[in-house]
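> Model the structure of this input:
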Amino acid sequence: MSDYLLFATERYALPILQPLAQALHEAGHTAHAWFADGAAGAALPAPARMLEPGRAGLRAAVALKPRAVFSAANWVPPFVAGAKVQLFHGFNVEKRADARGHFRVRGLFDLYCTQGPATTAPFRELAARAGHFAVVETGWPKLDPLFRDDDGASAALRAPAGARPVAMFASTFTERLSAAPHLFEAIAAQVARGDRYWLLTLHPKCAPDLFERYRALAGANAAFVETEQLIAAQRAADVLVADTTSVVSEFVVQRKPVATFRNRAPKPHMIDFADPAELEARLAQAFAPTPQLQAAIDTYADAIHPYRDGLSSQRVIAATGDLLDGTLGRLRGKPLSSWWRELQIRRDLGYWGPGA
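Predicted coordinates for the structure are as follows:
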């Protein structure tokens with residue numbers, strides 16, 4: 001049995017780490033979790049073992065000397081022992097330039113577990129140049145529950161719909177990209193009509209007043225879904241209405257249609273629109289996709305996440321084992337910039353213990 005550490009800085013990381021915690025348990029390992037920043041008050045259910053929040057938990061994480069640290073954030077405490085494994089907190093939805101966004105390399109990780117060919121190829125090019133990290137395409141642990149039994153969670157979310165089709169709404173927190181303020185009235189009108197059932201969710205960082213408005217729509221024709229229920233909601237819904245959130249890519253992996261509002265980088269698999277008055281027409285398209293649209297959806301899904309077996313967590317564990325066993329080759333030392341980042345992280349966390 002080996003000890004592993006799960007690390008997160010936001011609540012939205014929990015659905016990424018939970019399938020991995022379960023897979024570690026099934027393989028006979030122990031998954032411990034220590035969360036910082038926006039995830040500091042959150043917890044994973046058993047079998048994960050939660051460490052205390054704050055500095056006490058951080059000291060426990062250091063003392064644990066885990067075999068590896070799995071991070072669903074864009075950084076990781078480098079002074080905790082073990083291989084540092086990047087799991088990503090979302091798909092590349094082109095919110096930012098590559099150098100600042102999905103493909104930014106910070107010199108903190110030993111292994112990048114990529115989601116599909118669309119991200120594997122760029123990271124392998126970066127690895128060839130940098131030499132201090134390995135890349136293995138594993139699929140994304142967060143999506144494992146999309147493709148296996150979820151103990152009725154998705155069925156329970158869909159049950160109130162009866163025979164009605166189910167639409168889901170999700171929105172990013174980035175103010176300039178968020179559809180939530182613009183589509184509220186149109187979605188409220190849809191909910192009031194009642195011919196479709198709605199599952200509504202927002203990014204945890206969205207403004208509190210938006211949460212209040214969307215929660216108020218819950219009733220016979222709609223339900224508000226918390227972050228921890230996101231995967232079950234995606235399974236339950238037939239179509240998605242969204243913006244530039246990475247939920248778009250997660251949903252499309254199921255080969256289901258998406259209508260996007262002012263997406264930053266619209267693609268052929270999206271039904272993009274700019275006027276809230278178009279919502280009904282775009283929904284009609286989504287509920288009856290053309291063969292051309294369905295083909296574009298299938299092609300995109302295969303590029304970003306071709307795995308439909310629900311076993312990405314197991315592949316992450318295997319890739320980490322290969323890294324530790326030396327199967328992935330010898331890595332160069334970390335760049336000097338990583339030492340500066342470590343000092344910044346120690347300062348931010350208030351930790352100047354062993355190795356400082």
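> Look up the residues forming beta bridges with the closest residue to residue 71 other than its chain neighbours.
Nearest residue to residue 71 in three dimensions, chain neighbours excluded: residue 7, at 4.6 Å (CB to CB, 6 or more residues apart in numbering). To be clear about C-beta, it is placed using only N, CA and C from the backbone, and glycine gets the same treatment. Taking DSSP bridges as the rule, residue 7 bridges to residue 34, residue 71.
> any idea how far the nearest residue to residue 72 once chain neighbours are set aside is from residue 266?
In space, and not counting its chain neighbours, residue 72 is closest to residue 13: 3.6 Å by CB to CB, 6+ apart. Relative to residue 266, residue 13 is positioned 27 Å away (criterion: CB to CB, to the nearest Å).
> so where's the stretch 101-250 of the chain shaky on pLDDT?
Along the stretch 101-250 of the chain, the model assigns pLDDT under 70 to residues 101-102.
> all helices for it, in order.
117-130, 153-158, 180-193, 208-215, 230-236, 247-252 (DSSP state H, counting those that start in this stretch).
> helices or strands up against the last one?
Counting by 3 or more CB pairs under 8 Å, 6 or more residues apart in numbering; DSSP states H and E, the packing neighbours recorded for helix 247-252 are helix 230-236, strand 239-242, strand 258-261, helix 291-304.
> at 6 Å instead, please
Counting by 3 or more CB pairs under 6 Å, 6 or more residues apart in numbering; DSSP states H and E, the packing neighbours recorded for helix 247-252 are strand 258-261, helix 291-304.
> Hmm, the residue nearest to residue 71 is touching residue 72, no?
No. Counting by CB atoms under 6 Å, residue 7 stays clear of residue 72, with 7.3 Å between them.
> Quick one, which of the helices and strands packed on helix 247-252 gets closest to residue 83.
helix 291-304 (25.1 Å; CB to CB).
> Break the protein down into its domains, please.
Using automatic domain parsing, the domain parsing of the chain gives 3-145+310-349, 153-304.
> Let's have these in a markdown table, adding mean neighbour count.
Formatted as a markdown table, the domains of the chain follow (neighbours: other CB atoms under 10 Å):
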| stretch | mean neighbour count |
| --- | --- |
| domain 3-145+310-349 | 19 |
| domain 153-304 | 18 |
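> So for residue 155, what's the nearest residue that isn't a sequence neighbour?
In this structure, residue 155 finds its nearest non-sequential neighbour in residue 236, 7.4 Å apart by CB to CB, 6+ apart.
> Also residue 86?
Nearest to residue 86 is residue 109, by CB to CB, 6+ apart, at 4.4 Å.
> residues touching that neighbour, list them.
By CB atoms under 6 Å, 6 or more residues apart in numbering, the contact list for residue 109 reads 84, 86, 133.
> need the contact list for the second one.
It stands for residue 86. By CB under 6 Å, 6+ apart, residue 86 lies in contact with 71, 109, 112.
> Over to residue 221?
Contact partners of residue 221, counting by CB under 6 Å, 6+ apart, are 191, 194.
> 7 Å instead?
191, 194, 197, 198 (CB atoms under 7 Å, 6 or more residues apart in numbering).
> what does residue 42 give?
So residue 42 contacts 11, 14, 35 (CB under 7 Å, 6+ apart).
> Make a markdown table out of these and add distance to residue 280 and pLDDT.
Formatted as a markdown table, those follow (distance: CB to CB, whole Å; pLDDT from 0 to 100):
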| residue | distance to residue 280 | pLDDT |
| --- | --- | --- |
| 11 | 33 | 88 |
| 14 | 34 | 92 |
| 35 | 41 | 95 |
